[in-house]
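A.B. asks: Turn this into a structure:
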Amino acid sequence: MRIPIGVYKEAIKKSVEKATKMSGSFLSEGRGPGLKISPERILRTVMFVFSALSIAASQFFKGSFPFDPAWIAVVLCGVPIVFESVTALIKRFDIKADLLVSIAIVASLIIGEVFAAAEVAFIMQLGSALEAMTVRKARNGIGELISLKPRTARVIKEGREYTVSAQTVCTGDILRVLPGESIPADGTIVEGFSSVDESMLTGESVPVDKRSGDSVTGGTINRFGSFDMTVERTGEESTLQKMIALVESADVHKSEIVRTADRWATWVVAAALVSSFITWFITSEMIRSVTVLVVFCPCSMVLATPTAITAAIGNLTKRGILVCSGDALERLSAVRRIGLDKTGTLTQGQPEVVCARSFDPDLTDDDVVMLAAACEVRSEHPLAGAVIRAYGKGTDTLPEAKDFVMMPGLGIEADINGCHVIAGNADLFNSRDIPVSDKGAAFARWMHSEGCTMMYVASDGVCIGAIALADSVKPDAWKTVRGLRSAGVEPVMITGDSEDAAKSVARQLDIREHHARCLPADKLEIVTGSQKQGRPMCMVGDGVNDAAALKASYVGIAMGKQGSDIAVEAADITLADDDISRLPHLFTLSKEMMRTVRTDLAVSMILNFASIALAFAGFLSPMSGALVHNAGSVLVILNSVRLLGWRTDSAPYAKQF
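C.D. replies: All right, here's what the predicted structure looks like:
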């Protein structure tokens, strides 16, 4: 239940504003930076204080006043409840727990139990305040993200440094970030070296070393060195702002189980009215009938689902997993298969040299890589970068390549140290009639079977060696696959790459089912086909070609850092830092969340029925009934809020991966 204060807000608005001004900086600024006390919170506190004093005066100084002081609590706490419930009933035909409390308060007043009416109203409002505070704690993730938004930035223009508002920073600006400062925007380091705390993205507190050429994310903290950076994304396009938007869009009320609980709550209200009438008819005691109304309130049942979902979303947000709706977590708990794209999801997304082999006894494998790197140093092809990285000694140590010629789709050629060197694929060598030895052909067949791309190297018309390149598997991919199986989800690899490349990655990661050479339509067909067979399937991807499958899957998960905008838009959940090792935690937490919801609902129903029986038998008064009712609500909330700090290895049924 909410604490409805709108009824009195206008009446005492001026008084609150005056009190705020008189209190000076203590109330306006709080006792620490960024701490503010709103007029609404002041009003709520005043309401509770006066209500508590009036109830105490009614109990201990009865007869000392011209009227029962408990009426003050009835007016301050009870009238808002009645007003809100009647308004909801008339405007939206919203039959919820407040209606039962309102009827109980009115019925208590009719039979002359002013003190009981005051107690019920006060305890209900106090319980609502505790519930609101607990739920607010569960949603602290959004506030923490917003607090990370930098306020200022150091812009370098014409060799001079200017401090400006972070909101005015534009793409292409050069910024300077000093130790201890928040990075103002997404970009790339152009000069300097530092260690950056990326815990807001990854959840890991260990700083990550950054140097020239590395990307940095706005909102992360520069811990040690200083550096200059080029701004690449600002405002709504920044990683932090997208995270905030995604978390704020999380709507727990989209969940089917939330809608089911609401429907149950409506029926419970009807059952409560009938039970109250039967109690009065059988016992002829209105006080018992009123107590039945109080304890029958389905507050704890209504709170069970949204608090668990909200806490689970907060848990995931701290780990860089952004959930767009509580419905996604509910659906995720039913998933038994997960489709994983290969490139960029299971693999690094860029080619690396796997093996180099010299076919000339006078040359080493490193010599072959060096000659290829010397040719490739002026090429922009992705394979060129992989060869140069494999050389690893810096381009300034390479021999000069003269008469460089690029042949798109085939390879390159250049003169190096007086030799005519060619580096390219088999088609280029066939077109130049450069034969590959039997040893080279056997090496190529072996590498092809491992899913590698071959680059042959020739000097003066003789094939002197070959280099095998492949998209390397992410270090945590194997652990992720194993963890998913432990969570009860079977991984399926779906890729547009060749059969050999798919087989190689599947073999390395022990993935038992894979689909290769898949176009976007094929990926969509695999996902929809699985679901038609009654096997709900989740899809994880990062590219435009994954968008259709992400949208059609039971739950779509996108890579937020390197994923395309259309893929992120199509997904239900986003991995902000592209860390697939968090997938097992995501799946296991979704199951734990549903188990918590079911436990909370069961506890709520048992407690309600037990309280009704006690109220019918006369063992509970309206006051004690209100205490029992709120105790159940707090118990349910505490059980849900534990999901905030829940970890996969704490699950009793989770295996260690």
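
A.B. asks: for the closest residue to G461 other than its chain neighbours, what are its contacts?
C.D. replies: Excluding its sequence neighbours, the residue lying closest to G461 (Cβ to Cβ, 6 or more residues apart in numbering) is I434, at 6.0 Å. Heads up, the C-betas are built off the backbone N, CA and C, glycines and all. With contact taken as Cβ atoms under 8 Å, 6 or more residues apart in numbering, I434 is in contact with I422, Y456, A458, G461, V462, C463.

A.B. asks: Quick check: bridge partners of the fifth one?
C.D. replies: Judged by DSSP bridges, the bridge partners of V462 are S459.

A.B. asks: Begin at 13, not 1, for the rest of this chat.
C.D. replies: OK, 13 is where the count begins now, so the last one is V474.

A.B. asks: what kind of secondary structure is C530 in?
C.D. replies: Secondary structure assignment for C530 (DSSP: H, G, I helix; E, B strand; the rest coil): coil.

A.B. asks: quick one, phi/psi of it?
C.D. replies: Taking degrees, to the nearest 10, you get phi -90, psi 120 for the backbone angles of C530.

A.B. asks: How much space separates it from A489?
C.D. replies: Noted for C530: a distance of 19 Å to A489, by Cβ to Cβ, to the nearest Å.

A.B. asks: what do you get for A426?
C.D. replies: On the measure of Cβ to Cβ, A426 and A489 end up 37 Å apart.

A.B. asks: Now do the helices for the stretch 63-212 of the chain: every range, in order, please.
C.D. replies: Ranges of helices in the stretch 63-212 of the chain, per DSSP state H, counting those that start in this stretch, are 82-85, 91-104, 109-122, 126-150, 152-159, 211-214.

A.B. asks: Those: lowest mean pLDDT?
C.D. replies: When the helices of the stretch 63-212 of the chain are compared on mean pLDDT, helix 152-159 scores lowest, with a mean of 50.

A.B. asks: which residues touch V228?
C.D. replies: V189, I195, D198, G199, T200, I201, V208, K222, M241.

A.B. asks: List the contacts of the third one.
C.D. replies: Meaning D198. S227, V228, T229, G230, V243, E244, R245, T246, E249, S250, T251.

A.B. asks: got it, and the first one?
C.D. replies: Contacts of V189 were listed using Cβ under 8 Å, 6+ apart, and they are R166, I195, P196, S206, V228, N234, S238, F239, D240, M241.

A.B. asks: Mind doing that once more with 10 Å?
C.D. replies: Going by Cβ atoms under 10 Å, 6 or more residues apart in numbering, V189 touches 162, 165-166, 195-196, 199, 201, 204, 206, 208, 228, 232-234, 237-241.

A.B. asks: any idea how far I195 is from the nearest residue to it once chain neighbours are set aside?
C.D. replies: Excluding the flanking residues, the one nearest V189 by Cβ to Cβ, 6+ apart is N234, at 4.8 Å. The gap separating N234 from I195 is 6 Å, by Cβ to Cβ.

A.B. asks: what bridges to the residue sitting nearest the centre point of the chain?
C.D. replies: Taking Cα atoms, centre = their mean as the criterion, L334 is the residue nearest the geometric centre of the chain, at 2.0 Å. Counting by DSSP bridges, L334 forms beta bridges with T586.

A.B. asks: The residue nearest to G473: which element?
C.D. replies: Using DSSP states H and E, I446 is not contained in any helix or strand.

A.B. asks: cool, F455 as well?
C.D. replies: Assigned by DSSP H and E, F455 falls within helix 450-461.

A.B. asks: what do you get for A435?
C.D. replies: If you go by DSSP H and E, A435 is part of strand 431-436.

A.B. asks: those helices in the stretch 263-412 of the chain, which residues are they?
C.D. replies: For the stretch 263-412 of the chain, applying DSSP H, counting those that start in this stretch gives helices covering 268-295, 298-308, 311-330, 338-344, 377-388, 394-403.

A.B. asks: Output the contacting helices and strands for the shortest one.
C.D. replies: For helix 338-344, the packing partners by 3 or more Cβ pairs under 10 Å, 6 or more residues apart in numbering; DSSP states H and E come out as helix 268-295, helix 311-330, strand 549-553, strand 567-571, strand 585-587, helix 595-629.

A.B. asks: Name the stretch among these that sits most buried.
C.D. replies: Stretch with highest mean neighbour count among the helices and strands packed on helix 338-344: strand 549-553 (a mean of 30; mean count of other Cβ atoms under 10 Å).

A.B. asks: between that one and helix 595-629, how big is the angle?
C.D. replies: 140 degrees (axes from the mean of the first three to the mean of the last three Cα atoms, to 10 degrees).

A.B. asks: Render the CA-only coordinates of strand 549-553 in PDB, please.
C.D. replies: The C-alpha coordinates for strand 549-553 follow below in PDB (Å, rounded to 0.1, in the frame of the first residue of the first chain):
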ATOM      1  CA  MET A 549      14.600 -20.700 -26.300                       C
ATOM      2  CA  CYS A 550      16.700 -17.700 -25.300                       C
ATOM      3  CA  MET A 551      18.900 -16.000 -27.800                       C
ATOM      4  CA  VAL A 552      22.100 -14.200 -27.200                       C
ATOM      5  CA  GLY A 553      23.600 -12.000 -29.900                       C
END
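
A.B. asks: for the record, mean pLDDT for whichever helix or strand comes after that strand?
C.D. replies: Per DSSP H and E, the first helix or strand lying C-terminal to strand 549-553 is helix 559-564. Over the span of helix 559-564, the pLDDT mean works out to 78.

A.B. asks: buried residues in helix 559-564?
C.D. replies: A559, A560, A561, L562, K563, A564 (16 or more other Cβ atoms under 10 Å).

A.B. asks: Any buried residues in stretch 87-97, and which?
C.D. replies: For stretch 87-97, by 16+ other Cβ under 10 Å, it's V87, L88, C89, G90, V91, P92, I93, V94, E96, S97.

A.B. asks: brain fart, stretch 398-405
C.D. replies: A398, V399, I400, A402, Y403.

A.B. asks: and that stretch, what's its mean pLDDT?
C.D. replies: In this model, stretch 398-405 has a mean pLDDT of 86.

A.B. asks: same question, stretch 510-527
C.D. replies: Mean predicted confidence for stretch 510-527 is 86.

A.B. asks: Okay, and the beta partners of L481?
C.D. replies: Those that pair with L481 in a beta bridge, by DSSP bridges, are V365, T465.

A.B. asks: show me what contacts it?
C.D. replies: L481 neighbours (Cβ under 10 Å, 6+ apart): 362-368, 394-395, 398-399, 402, 459, 464-467.
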